[in-house]
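Q: Structure, please.
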Amino acid sequence: MARFMIRNKKPEIADQTALKHVGEQVRKRLAANKAIYRLPTEKAEIFAMGDFMSPDECARMIAMIDQVARPSSVFDVEYGADYRTSYSGDVDPHDPFVKKISRRIDDLLGLESAWGETVQGQRYLPGQHFSPHCDWFYTEAGYWPKESARGGQRSWTAMVYLNPVEAGGSTDFTQIGLSIEPKPGAILMWNNADAEGEPNRWTLHSGTQVTAGVKYIITKWYRTRKWN
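A: This is a model prediction of the structure:
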């Protein structure tokens, strides 16, 4: 009688194949752009580029954020009220200026516009912060079925700093030891998954407390398929 060896195959993580594919696609595009540099860590894929937005564009976006900013929320209601204390709001996705900036981000990463969420503006006043968190979704959480149906897992994050901050307000990747100071017009981009398409826990990051002045940023998250 022939014997067959049964091997336990590790179950695939939600959207793992798509995350791996998108990661490869964006990695190659960013590496080919000489204006973009990769931050010094092998534990996560984090890239940056200066002067992505002009001073006039930053000022215009700041004014738009002030019109929509409301107390920020988080996906998981179990987090305490002190977890994220900033203000945020989606800027008008139909506004021609917002479309221009959003498409510029799409082109930089080489991702489909339809896969990107609406650009979100964020404002941090003195004393406000965003505690350490990851941008990818916990598939065990109650919100996952809804997020899976409307675009799936978050693949890449793109964030643009809009103004100089007097003190504080850095973006800290807490498990890696990287701290990025806000530089007006600069864009920060990172892969929320690793090379195998698994959510990367090394991407844990925080928006540290602003101790003087105000901090403005915009963020665009990309999914693994069309976002609804």
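Q: The most centrally placed residue in the chain: what's it in contact with?
A: Using CA atoms, centre = their mean, the residue of the chain that lies closest to the mean C-alpha position is residue 157, 2.6 Å off. By CB atoms under 8 Å, 6 or more residues apart in numbering, the residues touching residue 157 are 135, 189-190, 192, 219-222. Any C-beta I mention is one placed from the backbone N, CA and C, and that applies to glycine too.
Q: So for residue 89, what's the pLDDT?
A: Here the pLDDT value assigned to residue 89 is 96.
Q: Tell me how many other residues crowd residue 211.
A: The burial count assigned to residue 211 is 13, neighbours taken as other CB atoms under 10 Å.
Q: ok, the nearest residue to it once chain neighbours are set aside - how many residues close by?
A: Excluding the flanking residues, the one nearest residue 211 by CB to CB, 6 or more residues apart in numbering is residue 168, at 3.9 Å. Residue 168 has 20 neighbours, counted by other CB under 10 Å.
Q: try residue 73
A: Using other CB under 10 Å, residue 73 has 10 other residues around it.
Q: Residue 121 too?
A: Using other CB under 10 Å, residue 121 is surrounded by 24 other residues.
Q: hmm, back to that, name the nearest of the contacts of residue 157 relative to residue 120.
A: Ranked by distance to residue 120 (CB to CB), the contacts of residue 157 are led by residue 219 at 5.1 Å.
Q: Check whether the closest one sits in a helix, strand or coil.
A: strand (DSSP: H, G, I helix; E, B strand; the rest coil).
Q: can you pull up the bridge partners for the residue nearest to the centre of the chain?
A: Taking DSSP bridges as the rule, residue 157 bridges to residue 190, residue 221.
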